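A.B. asks: Give me a 3D structure for the following:
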Amino acid sequence: MSDDDFTPKLGKPKGKDGKRLVKYAGRALAAARLAGSKTGIRSRRFDGSRIGRGASIGRLLSSRDRFAGQRARRAIVKTRLVRMAGKGLAGARAHLRYIQRDGVTREGNPGELYGRDVDSADGKAFLERSAGDRHQFRFIVSAEDGAEYADLKPYVRRLMAQAEHDLGTRLDWVAVDHFNTDQPHSHIMLRGVDDRGANLVIAREYVAHGFRERASELATLDLGPRTDRQIQDRLRRDVDQERLTALDRRLLRRMDADRITSPTHNDRFQQAVATGRLHKLGAMGLAEDLGGGRWRLADGLEETLRRMGERGDIIRLMQREMTARRLERAPADRVIEDRLEAPLVGRVIQRGFADEHRDRHYLLVDGIDGRLHYFDIGRAGATEPTPENATVRVAPRAAEVREVDRTVAAIAAAHQGRYSVDLHLEHDPGASRAFAEAHERRLEALRRNGLVERVPDGSWLVGNDHLERVAGFEARVLRDRPVAIEVLSSVPIERLIDSDGPIWLDRTLAGEEKVIARDAGFGREVRDAIGARRQWLVEQGLCETTGEGEARLKRGALALLKRRELLLIAGDLCEELGKAYVEANSGTRVEGRLTRRIDAASGRYALVERSREFMLVPWRPVLERRLGKPVAGLVQGDGINWQLGRARTGPQIW
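C.D. replies: Numbering: from 1, shown residues only. Have a look, this model is predicted:
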């Protein structure tokens with residue numbers, strides 16, 4: 001028989017009796033299936049967590065039995081990877097300023113930047129070395145009972161030395177220790193390059209487990225292991241906590257695919273606290289008792305408990321501030337604003353960090369509705385500073401495409417993807433040039449974020465997906481700035497009663513704005529201030545009483561007050577600068593150097609100087625980056641159509 005005639009017939013092996021043979025491997029696989037595994041072999045889909053330095057040691061450290069070593073001091077390490085491309089270096093500079101801000105040491109002094117070998121590191125030199133890096137790591141390290149350390153520098157240096165050993169490379173880092181919170185912690189900035197100048201890639205296994213375990217080891221070595229009494233007291237407290245606890249993490253690790261777990265433990269105390277925790281979760285609606293010592297944990301248990309813990313922290317913060325300021329509010333009058341539905345006017349109690357790691361701020365506002373409100377106001381640099389005791393209006397924002405964006409997209413679609421002022425006027429002959437220029441200002445803002453491109457002839461290249469890209473941009477802006485904050489007055493309300501300038505209370509007397517203030521808290525102060533202000537305006541001849549006994553401002557009173565205030569400010573500036581004051585009326589062209597911002601009772605003004613004269617014009621936040629530079633614009637009503645540069649046309653700021 002030739003090779004071509006042979007056709008193998010594959011089949012399953014059988015014994016002499018014709019039955020299928022079952023080998024030992026098959027028995028093992030069958031037993032594994034009965035135990036709950038589909039294949040009997042632990043399979044793990046590739047997720048990239050073991051790519052990079054420290055993967056092996058990270059996996060080894062993560063495999064430790066956390067509860068077998070409960071005597072170890074716990075540590076929290078938060079890690080953030082930041083891309084340095086684009087605005088990354090500017091962000092690093094801002095973060096460096098933040099961690100060195102005033103009031104973070106035990107003595108209330110600015111933070112002290114240090115490194116591996118020096119107690120006073122050069123932040124500017126570190127940023128210069130980081131200029132070409134692809135990325136940067138930022139850590140927050142907080143050891144349990146860290147307050148017992150007289151100085152955190154040796155602890156951080158040993159931690160980073162251990163990380164160098166684990167990762168097999170020398171690390172370039174700087175750090176600052178903070179003692180301004182209940183738990184002392186350290187901020188570490190690590191360059192994203194190794195000792196050979198290549199990109200430093202740290203395995204997620206090590207980022208997730210390695211740093212934390214090493215920090216825990218060092219804290220245990222320095223402060224000693226926890227005693228039995230300390231461990232038991234902590235677990236007893238965890239039983240009734242409305243937050244994610246170590247007991248919850250243990251129960252989650254032990255649950256099966258159907259989310260069923262059991263408090264069974266060889267140690268009677270451990271079993272008792274686990275049982276107590278399950279009963280607490282059951283009372284909270286987060287676990288179901290199936291009988292026989294079996295419980296089913298609710299879906300999303302971990303995230304729910306984490307959110308509850310965050311809300312508990314916020315409530316304690318609000319209570320602490322109320323006690324410190326002797327504010328009396330019922331529990332129902334403390335509001336955590338997850339989603340603001342309508343604008344709120346109130347007095348700023350405090351501004352601080354809601355998430356120090358991600359640079360997000362919160363704002364505590366004593367509202368005119370008599371309630372204390374907590375707002376997450378987003379990224380710290382996305383909103384202007386809001387001083388304590390300032391009166392603000394907080395309004396909800398929405399991530400939506402604006403009508404100006406739709407107009408630009410329509411004009412570009414009709415002109416091969418291009419937009420310009422001339423094309424706009426050709427497309428809509430009824431539009432004014434000022435109206436079209438407002439669209440260019442919007443495009444300039446989008447250009448700075450890489451959404452559109454300006455070509456040398458002054459026109460704009462607008463893609464077919466312009467509206468989708470703008471929608472994504474607005475969604476990102478909303479995450480960074482979920483609410484709009486308008487500072488009505490940085491002067492405390494009791495000092496506004498006899499102000500010579502128009503104040504926000506005057507708009508209610510003029511009928512332009514209705515203020516509904518509750519007779520409690522800051523609302524009571526506002527009601528009293530409105531009455532006192534009304535009386536002062538009557539004495540000044542600027543307010544009249546109607547037949548129904550109500551008082552209304554006379555026509556032109558607000559403009560008169562504004563001019564009176566500006567003349568008073570200008571009088572002082574004339575003596576200081578030795579220059580003449582020129583009033584900026586509608587239609588006046590503003591040209592000069594923007595030298596400073598003037599804060600007045602009625603708002604903020606920009607001081608624009610020329611060689612022999614100066615002007616005071618309304619301030620806009622975008623002018624902040626133009627301080628000390630030439631500006632030009634045209635006064636139009638209560639606003640100004642600003643232009644970049646001195647007496648130039650082209651790109652504008654808004």
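A.B. asks: average pLDDT for stretch 270-290?
C.D. replies: Averaged over stretch 270-290, pLDDT sits at 93.
A.B. asks: likewise stretch 512-523?
C.D. replies: 84.
A.B. asks: Pull out the buried positions in that stretch.
C.D. replies: Buried residues in stretch 512-523, counted by 16 or more other Cβ atoms under 10 Å: A517, R518, A520, G521, F522, G523. (Glycine included, C-beta is placed from N, CA and C.)
A.B. asks: Take these and lay them out in TSV including secondary structure.
C.D. replies: Shown next, in TSV, are the buried residues of stretch 512-523 (DSSP: H, G, I helix; E, B strand; the rest coil):
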residue	secondary structure
A517	coil
R518	coil
A520	coil
G521	helix
F522	helix
G523	helix
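A.B. asks: Pipe those into a markdown table and attach distance to R93 per row.
C.D. replies: As requested, the buried residues of stretch 512-523 are arranged in a markdown table below (distance: Cβ to Cβ, whole Å):
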| residue | distance to R93 |
| --- | --- |
| A517 | 43 |
| R518 | 44 |
| A520 | 44 |
| G521 | 40 |
| F522 | 37 |
| G523 | 42 |
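A.B. asks: which one of those is nearest E609?
C.D. replies: Closest approach between the buried residues of stretch 512-523 and E609, by Cβ to Cβ: F522, at 38.6 Å.
A.B. asks: is it true that that closest one touches D366?
C.D. replies: Yes. Here F522 reaches D366: they are 4.3 Å apart, a contact under Cβ atoms under 8 Å.
A.B. asks: quick one: common contacting residues for the two?
C.D. replies: G346, R347 (Cβ atoms under 8 Å, 6 or more residues apart in numbering).
A.B. asks: Any stretches of the chain with poor pLDDT?
C.D. replies: Scanning the chain for pLDDT under 70 picks out 1-50, 63-70, 547-549, 638, 643-654.
A.B. asks: Please report how far W504 lies from I569.
C.D. replies: W504 sits 18 Å away from I569, going by Cβ to Cβ, to the nearest Å.
A.B. asks: Let me see the ranges of the helices in the stretch 301-450 of the chain.
C.D. replies: 301-325, 403-413, 421-427, 433-447 (DSSP state H, counting those that start in this stretch).
A.B. asks: Just the CA atoms of the shortest one, as PDB, please.
C.D. replies: The C-alpha atoms that make up helix 421-427 are tabulated as PDB, following Å, rounded to 0.1, in the frame of the first residue of the first chain:
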ATOM      1  CA  VAL A 421     -16.200  86.300   8.700                       C
ATOM      2  CA  ASP A 422     -16.600  87.100   5.100                       C
ATOM      3  CA  LEU A 423     -18.100  83.700   4.300                       C
ATOM      4  CA  HIS A 424     -20.500  84.200   7.300                       C
ATOM      5  CA  LEU A 425     -21.700  87.600   6.000                       C
ATOM      6  CA  GLU A 426     -22.100  86.100   2.500                       C
ATOM      7  CA  HIS A 427     -24.000  83.200   3.900                       C
END
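A.B. asks: helices or strands next to it in the packing?
C.D. replies: Under the contact definition 3 or more Cβ pairs under 8 Å, 6 or more residues apart in numbering; DSSP states H and E, helix 421-427 sits against helix 403-413, helix 433-447.
A.B. asks: Let me have those helices in a markdown table, extended by distance to R59 and mean neighbour count.
C.D. replies: Listed next are the helices and strands packed on helix 421-427 as a markdown table, based on distance: least, Cβ to Cβ, whole Å; neighbours: other Cβ atoms under 10 Å:
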| stretch | distance to R59 | mean neighbour count |
| --- | --- | --- |
| helix 403-413 | 49 | 18 |
| helix 433-447 | 45 | 17 |
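A.B. asks: Columns distance to F211 on top of the ones you listed, output as JSON lines?
C.D. replies: Formatted as JSON lines, the helices and strands packed on helix 421-427 follow (distance: least, Cβ to Cβ, whole Å):
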{"stretch": "helix 403-413", "distance to F211": "44"}
{"stretch": "helix 433-447", "distance to F211": "39"}
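A.B. asks: residues of stretch 473-488 that come out buried?
C.D. replies: Buried-residue list, stretch 473-488, by 16+ other Cβ under 10 Å: F473, E474, V477, R481, P482, V483, I485, V487, L488.
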